[in-house]
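> Predicted model follows, preceded by the sequence.
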Amino acid sequence: MKITYTDALVIGGGLAGLRAATGIKQRGHDVILLSLVPPKRSHSAAAQGGMQASLGNTIKGDGDNEDVHFEDTVKGSDWGADQDVVRMFVNTAPKAIRELAAWGVPWTRVTRGDRQVVINAEKVTITESDEAHGLINARDFGGTKKWRTCYTSDGTGHSMLFAMDNKAHEEKIEVRERMEAMSLIHENGRCYGAVARNLMTGELVAYIAKTTTIATGGYGRIYAISTNAVICQGMGQAIALETGVATLGNMEAIQFHPTAIVPVGILTTEGCRGDGGILRDVDGYRFMPDYEPEKKELASRDVVSRRMTEHIRKGKGVKSRYGDHLWLDITILGRAHIEKNLREVKEICESFLGIDPAVDWIPVRPTQHYSMGGIRTDHRGESRTLKGLFSCGEAACWDMHGFNRLGGNSVAETVVSGMLCAEFISDYCDSPESNIDISTQTISKFINAEQEKLENFLKPKENGEQAYMLRHAMENIMMEKVGIFRNGDDLQKAVDELKALLVRSKNIVVKTQSLAANPELFNAYRVQRMLKLALCTAKGALARTESRGAHSREDFPQRDDQNWLKRTLATWMNEDDIEPTLSYEDLDIKSMELPPGFRGYGKDMTNHHEDTQSRTDEVEEIREKMTQEGKSRFEIQNALMSYCDKLPPVYQGKNERLTERFDEQ
Amino acid sequence: MSNSNNETNERVLKISVLRSDPNIEGYKPHVETFEVVEAPGMTLFIALNDIREFSDNSLKFDFVCRAGICGSCSMLINGKPGLACRTLTKNMDEHIMLAPLPLFELIGDLSIYTGKWMDGMSERLETWIHTKEEKEIDIKRIEEKMEPSLADEIYETDRCIECGCCVAGCGTILMRENFVGAVGMNKVARYLIDPRDKRTDEEYYELVGDEDGVFGCMSLLGCEDVCPKELSLQSKIAYLRRKMVEMRNK
């Protein structure tokens, strides 16, 4: 039995995991990071578009600050987000981006003077100031009031991930590549680490740690067509779920990105539309202004995806053998702009479609893209039910995105949550309560259970099931019945069919007789786990009889704050269960800085909560009174919803801007 | 086939794979050929998954992003290093030969352990920003300025995805096993032009001013020919060499 002891175990080597591990190490704790792939291959690298942080350097970001970023994020979430968490996030994002600048990310910079940009399909000249020259630039993205999305040419995620991994090398973080966490070791409501499997040799190792952090990204691959990397199968969420103690939050909150290419589902960045690209239908007609006259192509992602689907349903899609699609037109941006700022898009068009986007329109359709749901944690990133288990990044639901995430907020979240979690984890490791007393007998019980499961797959079985077939069936159910538009009948069928698949998956047989590097084997156990996540998603969607953010019920088109301003929690109570147990957690309007309101898309159909009006009046009153008294925006914010104490001391404090210089205050 | 279609003139691709499994004692490496019905827009990513799902569940290969940005799926495609996910079958002859990228530790079939090699290179060349300042930067203050054109230039060298194609396409490394390869020299060039890195020219010379660095390169430039990101490796190596010669002559 191989056991390795450390202070902090981090599972997942993308931006969130690397940033958390780096912070923990800098605080003087030992840390081991497990990753399915070399960390630089993580899905974080795929974020082409950018990272939101309210620096306000570009003239189009003038007047931006934490307050505007906060409001955009909460509205974008359709009021599902935890507002304390959003405040913590928007205040830390500028710090995160400045730290990354120091660590080597070659952020695209502002150039003084005139610059031609495309806004609403027209060429416009903007003039950047002298004092902004050389500071970090930003572009426009959907659902934001200001140009706030900072970027590195066309490879933001790539350059961030490489800088972060290089930093981890500098800090001598112990990274164990091609290691898959198979189960969490836990006893009496306390997590003690994980059993991990070496994907090259098959060896099982127990990592015992004071804290265990899951940063494994999303679970998009439960859908047939997803922009996610093939490793985004949700195994982090699944092993947390399988403890029967940790809970998953809002698993039904799934985002579809408007512009993935057809058929393969590779993403073309929101930067295409942010920089001025438009959507066209089968007749070449620009249809978005008809649906969303104000925001047009730059409405929130969930809104654009639904409008596109609606338009296709009206028969305005372009027919293809892979189903109907629409066109993304970036030809108006010009070749020079495309080859510099959207080169990744150009490469994707050339390599996967054989077209030139400076001349041709790109075939696109809404495609599964992001998992708002994940391991439910408090604002510190720790599970509320399993002590010592932390989670950050897309894997977690702490809950910053509610029911819809804004573009540019995901890579920002990975880094910010990694920074904050590292402090909370380190505080915990410093405290006496983090001491662990787990017997080797318990550890061996967990290792043996995994060993037994793996060996069992290889045994001959009567009517043994093929894991790939079950997986295809699941992916199609999710796509067809738990997609962009949902309804009770289809969701019920989805739950029933997924349950049947889960039962069948217990009889999966693996023919390739190897416990070492064996793709048939890892596919087998992952399919069983993905089915559980699919059931959490489908059952949560069936139960939620309202429409909120990306969760859109045709049979319940209203957002129903009176009954559904709450977070879904999914638990897998017993190993033999064939569906999760759902429970709910209310959001408290009385403590909200921004009480529920109208998001500004389509017609307001909200069934408001009884507390909304009184809290709205209260907030307005405080704001008015304090403004009259000449109080600063910080003082007003603090009076409405005090959150600063929740931040680790090292990250408390204001952010400097050109319009808010420290020496002038 | 998962996506059968009605086209009449579909080709049947014959994909030959060099199979191996170091974990199984006595396993003899051999070439195995699979037939796949070609589909429109098919890449080697789609074809290989098709084989694994419908013909042989045990076939080992590595894909992550399947969009040409993560560098996981580098392999020898008809003898030349390249990214499988970005290779469209329609541009190829119907018989395709695939083998794992040489020089890296073999995991099995087309799967290789590039991470270990790249980590070694990163640690040796210390591929991170060396600040040498006692004082931490204050992340609450406005960031340091950088000329926009310089930021763009750094990004150009930073686009490397560490796929290993340049290493597999390198003639020098066959003779000098500790050669840093184009990937390593490109990284050094990247930090050399970055004003945030405070390493001196002497320190860089220590890193690559020898036969395992710039002076070992035979300038065959197979690296530039096979780089899937089309990085200008030749100019970076030349730049570094000029810089190091200047140093040596000081």
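Everything's here; your move.
> Pick out the residue nearest the middle of the chain.
All of this is about chain A. With distances taken as C-alpha atoms, centre = their mean, the residue of chain A nearest its centroid is A:Glu394 (3.6 Å).
> not quite, I wanted chain B
The residue at the geometric middle of chain B, judged as the C-alpha nearest the mean C-alpha position with C-alpha atoms, centre = their mean, is B:Cys163 (2.1 Å).
> report the longest helix in the chain, please.
Using chain A here. Residue-count comparison of every helix in chain A, with assignments taken from DSSP state H, identifies helix A:519-543 as the longest.
> sorry, should have said chain B
Ordering each helix of chain B by length in residues (DSSP H) puts helix B:233-248 first.
> can you pull the buried residues of that one?
Of the residues in helix B:233-248, those scored as buried under the neighbour-count criterion (16 or more other C-beta atoms under 10 Å in any protein chain shown) are B:Leu233, B:Lys236, B:Ile237, B:Tyr239, B:Leu240, B:Arg241, B:Lys243, B:Met244. Using the backbone N, CA and C atoms, a C-beta is placed for each residue, glycine as well.
> try stretch A:579-588
Neighbour counts using 16+ other C-beta under 10 Å place A:Glu579, A:Pro580, A:Leu582, A:Leu587 of stretch A:579-588 among the buried residues.
> Run through who's touching that stretch.
Stretch A:579-588 is touched from outside by A:79-80, A:82, A:241, A:247-249, A:495, A:499, A:532, A:535-536, A:539-540, A:543, A:565-573, with contacts defined as C-beta atoms under 8 Å, 6 or more residues apart in numbering or on different chains.
> One more pass at 7 Å, please.
Outside stretch A:579-588, the residues that touch it by C-beta atoms under 7 Å, 6 or more residues apart in numbering or on different chains are A:499, A:535-536, A:539-540, A:543, A:565-573.
> next one: stretch A:641-656
Counting by C-beta under 7 Å, 6+ apart, residues outside stretch A:641-656 touching it are A:83-84, A:87-88, A:91-92, A:94-95, A:379, A:419-420, A:423-424, A:591-593, A:638, A:662, B:140-142.
> cutoff 6 Å now
Taking contacts as C-beta atoms under 6 Å, 6 or more residues apart in numbering or on different chains, the residues outside stretch A:641-656 that touch it are A:Asp84, A:Arg87, A:Met88, A:Thr92, A:Pro94, A:His379, A:Glu423, A:Glu593, A:Phe662, B:Lys140, B:Arg141, B:Ile142.
> Take these and keep only those in helices.
Using DSSP H, the members of the contacts of stretch A:641-656 that fall within helices are A:Asp84, A:Arg87, A:Met88, A:Thr92, A:Pro94, A:Glu423.
> how about residue 232, what does it touch?
Since you didn't name a chain, this refers to chain A. If you count contacts by C-beta under 6 Å, 6+ apart, A:Cys232 has them with A:His43, A:Gly217, A:Gly218, A:Gly220, A:Arg221.
> hey, what's A:Thr211 bridged with?
The residues listed as beta-bridge partners of A:Thr211 by DSSP bridges are A:Ala8.
> rewinding a little: CSV for the buried residues of helix B:233-248, including distance to chain A?
Written out in CSV, the entries for the buried residues of helix B:233-248 read as follows (distance: C-beta to the nearest C-beta, whole Å):
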residue, distance to chain A
B:Leu233, 17
B:Lys236, 15
B:Ile237, 20
B:Tyr239, 17
B:Leu240, 18
B:Arg241, 23
B:Lys243, 20
B:Met244, 22
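> Any figure for the gap between B:Pro218 and B:Met121?
For residue B:218 the amino acid is Met, not Pro. In this view, B:Met218 and B:Met121 are 19 Å apart by C-beta to C-beta, to the nearest Å.
> the more surrounded of these two?
Between B:Met218 and B:Met121, counted using other C-beta atoms under 10 Å in any protein chain shown, B:Met121 has the larger neighbour count: 17 against 12.
> quick one: which of the buried residues of stretch A:579-588 is nearest to B:Asn186?
The shortest separation between B:Asn186 and any of the buried residues of stretch A:579-588 is 48.6 Å, and it belongs to A:Pro580 (by C-beta to C-beta).
> Since that was my last question, I'll sign off now.
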